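Trainee: Pasting the sequence and the predicted model now:
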Amino acid sequence: MVMMDSAVIAFVALCAAALYILAGYPLLLAWRARRNAKPVKKDLKPQPVSIILAVRDGEKFLSPKLDSILQSDYPRELMEIIVVSNGSSDGTCSVAASYASRGVRLVEVNRGAKPDAINEGVRQATANILIFTDVRQILDPSSIGRLVACFADPTVGVVSGFLVIHRAGIEEDNVSLYWRYERWVRSNLSSLDSMLGATGALYAMRRELFLPMPSDTLLDDVFVPLAAFFTGYRLILEENARLFDYATTANTEFRRKVRTLAGNYQIMQQYPALLTTRNRLLFDFISYKFARLLLPWIVLAILAVSFFLPRPWAEIFIAIQAVFYGLAALDLVTGLRSPLKRLSSPARTVASLLAASACAIVIFFVPANRLWKPTQTVVTGD
């Protein structure tokens with residue numbers, strides 16, 4: 001009886017912890033952001049910017065990307081565009097060189113890590129505002145100006161763009177739904193004070209705040225912004241600075257999340273102050289970033305404790321979890337269609353993200369650079 005009582009207490013506590021991480025904290029954050037929002041002063045007055053595009057083997061994406069930058073509403077004479085080819089073996093350098101007459105500068109570096117390419121791009125840059133962007137996503141014509149306008153606020157050190165994911169199939173829609181959930185959390189953090197990083201596909205920062213990265217840095221879009229955060233500046237999201245991408249498959253998203261979550265372990269080593277009172281968002285970091293690393297172990301503990309619950313609750317909760325994991329496994333079978341796909345695909349997405357979080361501990365056993373994998377998107381005709 002004592003064991004059963006302890007199991008019930010543990011089960012309730014674990015379920016409450018999981019519910020807090022997934023829903024309780026985001027809802028609490030949204031409430032706090034509404035009550036304590038810090039508006040950002042904006043001025044659309046243009047100023048010189050250096051746009052740094054670090055790319056490896058991005059031939060098929062580079063031309064559309066550069067076109068989207070050059071077709072921006074932003075004054076061309078104020079844009080310095082630097083393409084840093086990081087040991088590309090395809091036609092990336094040729095594509096970049098073909099834009100030289102339009103002011104695009106190609107910088108070639110030896111094959112290394114993305115942080116090395118970004119560091120070199122910053123060394124080559126001349127403007128006081130740095131804009132970092134990835135090769136795959138297309139920029140909205142107004143996005144550069146929207147980013148720059150936020151630096152009229154002296155408290156702002158980093159401004160992140162707003163990534164919009166094109167709709168694809170059911171599986172990819174579930175992955176993009178997770179991204180919309182993440183974006184909502186980041187938006188509320190931005191309103192409250194600061195995001196705990198930036199959207200790597202597009203963000204801008206004051207040049208004097210840039211801190212060169214170690215070569216093995218997994219999360220350049222967290223390491224670089226946090227240097228500004230710990231200097232006292234805000235890291236904000238500008239929802240009008242839009243860029244567009246296609247959804248990724250569940251398999252690709254799994255690999256990306258392993259790297260991202262492994263990077264969270266790494267970033268705590270790089271910035272130990274994140275876990276101290278020097279972090280003015282310590283509560284949010286623990287509830288958001290750190291708790292996400294604990295979530296898969298909490299879920300596994302829920303399953304284990306379920307076997308010790310009194311009947312019939314043990315059978316009920318074990319059955320519920322078995323159905324969930326069964327649907328996730330069933331989704332791996334090719335050819336499944338709705339309505340079953342509409343049940344199995346969300347289960348697989350959640351299970352995949354939990355598994356990725358658990359696998360993130362690989363960072364303690366393998367070199368960080370082995371976690372880098374190319375992202376594969378799902379392109380539709382929509």
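Mentor: Received, thanks.

Trainee: what about stretch 186-201, how long is it end to end?
Mentor: Start-to-end span of stretch 186-201 (Cα to Cα, to the nearest Å) is 15 Å.

Trainee: ugh, wrong one, I meant stretch 58-77
Mentor: 26 Å.

Trainee: how about that stretch: buried residues?
Mentor: 58-59, 61-62, 65-66, 68-69, 72, 74 (16 or more other Cβ atoms under 10 Å). Where C-beta positions appear, they are placed from N, C-alpha and C, glycine not excepted.

Trainee: Restricted to helices, list those.
Mentor: Cross-referencing the buried residues of stretch 58-77 against helices under DSSP state H gives 59, 61-62, 65-66, 68-69.

Trainee: Can I get the residues you listed in JSON lines including distance to residue 312 and pLDDT?
Mentor: Listed next are these as JSON lines, based on distance: Cβ to Cβ, whole Å; pLDDT from 0 to 100:
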{"residue": "59", "distance to residue 312": "60", "pLDDT": "90"}
{"residue": "61", "distance to residue 312": "55", "pLDDT": "93"}
{"residue": "62", "distance to residue 312": "60", "pLDDT": "95"}
{"residue": "65", "distance to residue 312": "58", "pLDDT": "96"}
{"residue": "66", "distance to residue 312": "63", "pLDDT": "97"}
{"residue": "68", "distance to residue 312": "59", "pLDDT": "96"}
{"residue": "69", "distance to residue 312": "62", "pLDDT": "97"}
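
Trainee: Report the contact partners of residue 82.
Mentor: Listed by Cβ atoms under 8 Å, 6 or more residues apart in numbering, the contact set of residue 82 reads 50-53, 104-105, 107, 121, 124-125.

Trainee: Which of those sits closest to residue 312?
Mentor: Residue 312 lies nearest to residue 53 out of the contacts of residue 82, by Cβ to Cβ, at 59.3 Å.

Trainee: Relative to residue 254, which of the ones in helices among the buried residues of stretch 58-77 is nearest.
Mentor: Of all these, residue 61 has the smallest distance to residue 254: 21.9 Å, by Cβ to Cβ.

Trainee: ok, that closest one - contacts?
Mentor: Contacts of residue 61 (Cβ under 8 Å, 6+ apart): 55, 135-136.

Trainee: and which of the residues you listed is nearest residue 20?
Mentor: For the contacts of residue 61, the residue nearest residue 20 by Cβ to Cβ is residue 136; the value is 34.6 Å.

Trainee: Can I take it that that closest one is in a helix?
Mentor: No - counting by DSSP: H, G, I helix; E, B strand; the rest coil, residue 136 is not found in a helix; it is coil.

Trainee: Next, it: phi, psi?
Mentor: With angles defined as degrees, to the nearest 10, residue 136 sits at phi -80, psi -30.

Trainee: That one reaches residue 244, doesn't it?
Mentor: No - checked against Cβ atoms under 8 Å, the pair residue 136 and residue 244 is beyond contact range at 9.8 Å.

Trainee: Which of the two has more residues huddled nearby?
Mentor: Set residue 136 next to residue 244 and count neighbours by other Cβ atoms under 10 Å: residue 136 wins out with 20 against 16.

Trainee: Do you know the pLDDT at that one?
Mentor: In this prediction, residue 136 carries a pLDDT score of 91.

Trainee: Just give the closest residue to it, not the sequence neighbours.
Mentor: Closest residue in space to residue 136, ignoring its immediate chain neighbours: residue 61 at 4.9 Å, by Cβ to Cβ, 6 or more residues apart in numbering.

Trainee: can you pull out the helices in the stretch 101-250 of the chain?
Mentor: All helices of the stretch 101-250 of the chain, identified by DSSP state H, counting those that start in this stretch, fall at 114-124, 143-149, 170-192, 220-229, 250-270.

Trainee: List the contacts of the shortest one.
Mentor: Right, the one you point to is helix 143-149. Helix 143-149 is contacted by residues 42-47, 49, 51, 69, 72-74, 79, 129, 131, 159, 161, 202-204, 238, 240-243 when judged by Cβ under 8 Å, 6+ apart.

Trainee: low pLDDT regions in the chain?
Mentor: For the chain, the stretches flagged by pLDDT under 70 are 1-4, 167-177, 247-253, 334-343, 367, 369-382.

Trainee: need the contact list for the spatially most central residue of it.
Mentor: Centroid-nearest residue in the chain, with Cα atoms, centre = their mean: residue 199, separated by 5.6 Å. Contacts for residue 199 were tallied using Cβ under 8 Å, 6+ apart; they are 160-163, 186, 221, 237.

Trainee: which two in these are spaced the farthest apart?
Mentor: Farthest pair in the contacts of residue 199 (Cβ to Cβ) is 162 and 221. Separation: 14.0 Å.

Trainee: re earlier: go through the contacts of residue 82 and say which is closest to residue 345.
Mentor: In terms of Cβ to Cβ, no member of the contacts of residue 82 lies closer to residue 345 than residue 53, at 33.7 Å.
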